[in-house]
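S.K.: Please find the sequence and the predicted model below.
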Amino acid sequence: MNASIRQTSSLAVVSLIAGILGWTLLPFLGSIAAVITGHMARSEIRRAPDRLDGDGLAVAGLVLGWLSIALAVLAVAAVVLFFGGLAAFLAFAAHH
């Protein structure tokens with residue numbers, strides 16, 4: 001019986017931690033780091049599946065990172081649309 005012990009990918013752990021930081025202390029930078037390290041970890045795990053584990057951690061980091069980025073983009077779009085609409089309304093009201 002020769003059971004090999006699989007090691008958890010360090011990049012997968014970093015991705016999860018960065019994803020959590022992306023929602024708390026480092027909103028945008030943590031999310032970018034989570035996405036980058038998450039993709040790197042999944043690639044690393046796919047290259048050595050007999051040696052490395054942690055795909056779930058990498059996926060969790062990716063999900064946290066992408067969700068945070070998507071919400072940030074939606075928030076910026078909402079602010080731009082709100083103030084753009086407000087400016088257009090004020091410009092229209094000033095002429096009439």
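M.R.: Good, I have the coordinates.

S.K.: Low-confidence stretches in this protein?
M.R.: For the chain, residues meeting the criterion pLDDT under 70 lie at 1-3, 96.

S.K.: For it, just list every one of the helices.
M.R.: Remark: helices assigned in the chain by DSSP state H are 10-23, 27-47, 55-95.

S.K.: Pick the most deeply packed of the ones you listed.
M.R.: Ranked by mean neighbour count under mean count of other CB atoms under 10 Å, the helices of the chain are led by helix 10-23, which reaches a mean of 21. C-beta coordinates here come from the backbone N, C-alpha and C atoms, glycine included.

S.K.: So which elements touch that one?
M.R.: helix 27-47, helix 55-95 (3 or more CB pairs under 8 Å, 6 or more residues apart in numbering; DSSP states H and E).

S.K.: Just the residues contacting the shortest one, thanks.
M.R.: Contacts with helix 27-47, where a contact means CB atoms under 8 Å, 6 or more residues apart in numbering, come from 9, 11-12, 14-16, 18-24, 26, 52-55, 57-59, 61-62, 64-66, 68-69, 72.

S.K.: now the angle from it to helix 10-23?
M.R.: Comparing the axes of helix 27-47 and helix 10-23 via axes from the mean of the first three to the mean of the last three CA atoms, to 10 degrees yields an angle of 160 degrees.

S.K.: I'd like to check the angle between helix 27-47 and helix 55-95, please.
M.R.: Using the same axes, to 10 degrees, helix 27-47 lies at 150 degrees relative to helix 55-95.

S.K.: so how far is helix 27-47 off the chain centroid?
M.R.: 8 Å (CA atoms, centre = their mean, to the nearest Å).

S.K.: The longest one too?
M.R.: Distance of helix 55-95 from the chain centroid (CA atoms, centre = their mean) equals 15 Å.
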